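Trainee: model this:
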Amino acid sequence: MRFQTPLVPGVLIRRYKRFLADVTLADGQEVTAHCANPGSMMGLAEPGMRVWLEPNDDPKKKLKFGWRLVEHGDGHFTGVDTAVPNRMLRFALEAREVPGLADFDTLRAEVPYGEKSRIDFLLSRSGDKDTYVEVKSVTLSRLRGLAEFPDSVTARGTKHLGELTEMVALGHRAVMLYLVQRTDCDRMTLAGDIDPAYARAWQAATAAGVETMALDCQITPEAVRLGKPIPVLPPNEP
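Mentor: Sure, this is the predicted structure:
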């Protein structure tokens, strides 16, 4: 998935109010960018970090820049826009490029299910059980090469695991898909020390038959592309 507008580099001044970030561009101009990430962004929002913004000229948008990437050096990037995974995965699903999720007749997004929830993708096939796919963006890494989810307590994420478990009990297939938006990680785990309830819910869901998939990404200032499956390790301890 290519960015609609060429990204421009800058240096992060600060992130605040969750959805705002002040950045100094290469020409010295200071701008405010929209930060499409409600999480803690642990390790990704330190002043002085090199970041990449996407300009826009949409008159309906108050902010003319969107924060898309953090650059770590050595050619590594993290994608910080949590809307990217669903957009990219929809393209990949429609192209039948997601391992283990290519055999379906119809694809629907944001379908109501559970308790006032919407499943990210519902895959259906005539004469077969439905496949419920929930997608999470993974951006945290505290140990070299190891991605972690979540980066803050997520009651909503825990609720989703319970609802996927209910779908399995009803005879459907359910998949928890983690998209690792980092190019410096080759495995992932659940951050049980950050959110013990989520780690326990994941273990219970796994025992009940909910499948887990983790895919990495190829990220550059030009595009974000779906990568390959990576292993998921047991949750770390609180």
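
Trainee: doesn't A205 make contact with G162?
Mentor: Yes - with contact taken as Cβ atoms under 8 Å, G162 and A205 are classed as touching, separated by 7.4 Å. Bear in mind the C-beta positions are built from the backbone N, C-alpha and C, glycine included.

Trainee: Can you pick out the residue with more neighbours from these two?
Mentor: A205 (23 against 16; other Cβ atoms under 10 Å).

Trainee: ok, then the element right after the helix or strand hosting H72?
Mentor: Assigned by DSSP states H and E, H72 belongs to strand 65-73. Scanning forward in sequence from strand 65-73 by DSSP H and E, the next helix or strand is strand 76-79.

Trainee: Not counting sequence-adjacent ones, nearest residue to P85?
Mentor: Spatially, and ignoring its direct neighbours in sequence, P85 is nearest to L179 (4.1 Å; Cβ to Cβ, 6 or more residues apart in numbering).

Trainee: no wait, V168
Mentor: Excluding the flanking residues, the one nearest V168 by Cβ to Cβ, 6+ apart is G209, at 4.4 Å.

Trainee: Could you pull up phi and psi at that neighbour?
Mentor: The phi and psi torsions at G209 (degrees, to the nearest 10) take the values phi 110, psi 0.

Trainee: so how far is T32 from it?
Mentor: In this structure, G209 and T32 are separated by 46 Å, where distance is defined by Cβ to Cβ, to the nearest Å.

Trainee: Ok, G100 next?
Mentor: If you go by Cβ to Cβ, the gap between G100 and T32 works out to 41 Å.

Trainee: again with C185
Mentor: Counting by Cβ to Cβ, the gap from C185 to T32 is 30 Å.

Trainee: neighbour-wise, which of those two wins?
Mentor: Residue environment comparison for C185 versus T32 gives the larger neighbour count to C185, 24 against 16, counting by other Cβ under 10 Å.

Trainee: my guess is the residue nearest to P85 meets T139, correct?
Mentor: No - applying Cβ under 8 Å, one finds L179 not in contact with T139, separated by 9.7 Å.

Trainee: In the protein, where is pLDDT below threshold?
Mentor: 237-238 (pLDDT under 70).

Trainee: how is it carved up into domains?
Mentor: With domains defined by automatic domain parsing, the chain comprises 8-74, 84-229.

Trainee: which stretch among these comes nearest M1?
Mentor: Nearest to M1 among the domains of the chain is domain 84-229 (4.6 Å), distances taken as Cβ to Cβ.

Trainee: Look at that closest one and report the distance between its end residues.
Mentor: Using Cα to Cα, to the nearest Å, the span of domain 84-229 from its first residue to its last is 18 Å.

Trainee: so how far is that domain from its chain's centroid?
Mentor: Distance of domain 84-229 from its chain centroid, counting by Cα atoms, centre = their mean, to the nearest Å, is 8 Å.

Trainee: Start at 51, not 1
Mentor: Shifting the count to begin at 51 puts that one at domain 134-279.

Trainee: For I169, give the beta-bridge partners.
Mentor: Following DSSP bridges, I169 is listed with bridge partners V161.

Trainee: would you list every one of the helices in this protein?
Mentor: Ranges of helices in the chain, per DSSP state H, are 134-144, 205-219, 246-258.

Trainee: tell me the contacts of the residue positioned nearest the centre of the chain?
Mentor: Closest residue to the average C-alpha location of the chain: S187 at 1.3 Å, with Cα atoms, centre = their mean. Contact partners of S187, counting by Cβ atoms under 8 Å, 6 or more residues apart in numbering, are 129, 132, 134-135, 229, 231.
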